[in-house]
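> quick one, structure for this:
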Amino acid sequence: MTSAKPSAIPRWRGILLPVALLAFAEITMRMADVQSDTLARPTDVLAALWRAMQDGSLLAGTAQTLGNALAGLAIGGGIGLLAGLWFGAAPRAGRMAGLTIDVLRPLPSVALIPIAMMVFGFGHGLESSVVAFTCIWPMLAFAQDGVSRVEPRLFEVSRILGLGTVARAWKVILPAALPRIFVGLRLSMGIALTIAVTVEIVANPMGLGYALAMAQQGLDPALMLALVLWIGILGWGLNAVLLAMQSRLFAHRGAAA
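Residues are numbered from 1 along each chain as shown. A predicted model of the protein is given here:
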């Protein structure tokens, strides 16, 4: 009995409704000859996106936003990863740090913007520091959870082999916890992009968020919506790349996405 190959059509079925809604909006706004400071026809949005690509402003803003987001992710995610591995391997240390984590983790990252501004001023340091603080907690949680799921017999084997603390972490703990850590990385990447754009809108005069705020203040809804669309595409693309890497690296383990 042969099994039917899965059709590629269902993968694209989800795009039909958004396309239909955009077509309806385009037709309706053209028929009504809508002139608005807050809305723009889908074709005008695409035209504004194309102009931003051609004049280089979109590329420059994307580089600034992504650079700050990735820098913050590297710093905060690295701190969270090391802390999570430590707390997972040493539950007593995790319990001792639990109160501190529970106090700091709910702190809204935007509340740190005035402090970061006093320390770093405007620029990359301001944005990356706020992103870093936010990325600590998901990486810490997933790393700690990943270590807690490591088979206890692996620790016994490492002790029998006489592995030191560093060798045990590198050869036993990290490979076993890596699927959960990668899920935390995917989540942190989305958070990093969100916080980077938020900081740019609120306080930092650079990147896609600042361009979005300037388009709003300049009553340019086409460019404003084009930037919103581009940020969404950017976030989707980054998640798709990480998801593909996760599926390729951990498919043999049956790791949950």
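
> buried stuff in stretch 200-207?
200-201, 203-204, 206-207 (16 or more other C-beta atoms under 10 Å). The C-beta positions use only the backbone N, C-alpha and C, and glycine is treated the same way.

> output it as CSV - backbone C-alpha positions only.
C-alpha atoms of stretch 200-207 as CSV (Å, rounded to 0.1, in the frame of the first residue of the first chain):
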residue,chain,number,x,y,z
GLU,A,200,14.3,53.0,18.5
ILE,A,201,10.7,54.2,18.5
VAL,A,202,10.9,55.4,22.1
ALA,A,203,14.3,56.8,22.5
ASN,A,204,17.1,55.9,20.1
PRO,A,205,17.4,57.9,16.9
MET,A,206,18.5,55.1,14.6
GLY,A,207,17.3,52.0,12.8
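
> ok, and what's touching it?
Contact partners of stretch 200-207, identified using C-beta atoms under 8 Å, 6 or more residues apart in numbering, comprise 61, 64-65, 68, 110, 113, 117, 122-123, 126-127, 196-197, 208-210, 212-213.

> likewise for stretch 224-231?
Applying C-beta under 8 Å, 6+ apart, the contact partners of stretch 224-231 are 40, 45-46, 48-49, 52, 58, 61-62, 193, 197, 208, 211-212, 215-216.

> for stretch 61-79, what is the average pLDDT?
For stretch 61-79, mean pLDDT rounds to 94.

> can you list the neighbours in contact with that stretch?
Counting by C-beta under 8 Å, 6+ apart, 124, 127-136, 139-140, 184-185, 188-189, 192-193, 195-197, 199-200, 206-211, 227, 230, 234 sit against stretch 61-79.

> show me those residues that map onto helices.
124, 127-136, 139-140, 184-185, 188-189, 192-193, 195-197, 199-200, 207-211, 227, 230, 234 (DSSP state H).

> low-confidence ranges in the chain?
Counting by pLDDT under 70, the chain contains low-confidence ranges at 1-12, 37, 165, 251-257.

> please enumerate the helices of the chain.
All helices of the chain, identified by DSSP H, fall at 9-13, 16-32, 42-54, 57-89, 91-104, 113-120, 124-148, 152-160, 165-168, 174-202, 207-217, 221-250.

> return the most buried member of those.
Highest mean neighbour count of the helices of the chain: helix 124-148, a mean of 24 (counted as mean count of other C-beta atoms under 10 Å).

> same for it, what does it pack against?
Contacts defined by 3 or more C-beta pairs under 8 Å, 6 or more residues apart in numbering; DSSP states H and E place helix 124-148 against helix 57-89, helix 91-104, helix 113-120, helix 174-202.

> so which elements touch the second one?
By that I understand helix 91-104. Under the contact criterion of 3+ C-beta pairs under 8 Å, 6+ apart, helix 91-104 touches helix 57-89, helix 124-148.
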